[in-house]
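K.L.:
next input, structure requested:
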Amino acid sequence: MSNELVTVTLEFTPNPNTLKFVVNRTFLDRGAANFTDSNKASVSPLAQSIFKIKGIAGVMIGTNFITITKSNDGDWDVIAEEVPKCVENFVASGSPYFSPDWSPNAPVSSTGENADIENKIREILDNEIRPAVAMDGGDIVFGRFEDGIVYLHLQGACSSCPSSIATLKMGVETRLKEVIPQVKEVVQV
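P.N.:
The predicted structure is shown next:
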């Protein structure tokens, strides 16, 4: 663990219901852990700690950031003040961010008739698209590929963002169609 002072920097996202807090620490090597309520956060003491702050509906922990989704009764002023304190104290405590028996989803390779297409979709998502959406506090995870349709899970700032449809259609769908002719459409699950 670094002796360097823990710093937490607030960044706005395109989603008015989420804020991104960038931390000078690494939480995950890749991807993100998304918790849509406190009950689902049992594998992350860090997320559980954040959920204790009033007005938080979701916590997504990324590589070096935490995206907070506000509940309807949440107050951004309170959240923007309390989350950095909570994260700084938690990180400084040296406690593990996740339970020892938990690990993020490992890269998956598909098998079956669409294996090559699905693996290519995952490669594009992991190498091009996910790093870009992480900059805005979100994540996009592959669901499945069926009948020319790519089904994706949007998380963090992407999950309820007003511009998520534009991101999917103009960004992700356009890119996947350029590289993979079998892709006809991209939809959110």
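
K.L.:
show me the contact partners of the least confident helix or strand in the chain by mean pLDDT.
P.N.:
Lowest mean confidence among the helices and strands of the chain (mean pLDDT, DSSP states H and E): helix 164-166, at a mean of 73. Identification of contacts with helix 164-166 by C-beta atoms under 8 Å, 6 or more residues apart in numbering yields Asn15, Leu154, Cys158, Gln188. Every residue, glycine included, has its C-beta placed from N, CA and C.

K.L.:
closest to Asn39 out of the residues you listed?
P.N.:
Nearest to Asn39 out of the contacts of helix 164-166 is Leu154 (C-beta to C-beta; 20.9 Å).

K.L.:
give me the secondary structure label for the closest one.
P.N.:
Look at Leu154: counting by DSSP: H, G, I helix; E, B strand; the rest coil, its state is strand.

K.L.:
so who does it touch?
P.N.:
Applying C-beta under 8 Å, 6+ apart, we find Leu154 in contact with Gly138, Asp139, Ile140, Cys161, Ser164, Leu168, Gln188.

K.L.:
swap the cut-off to 6 Å and go again
P.N.:
Contacts for Leu154 (C-beta atoms under 6 Å, 6 or more residues apart in numbering) come out as Ile140, Ser164, Gln188.
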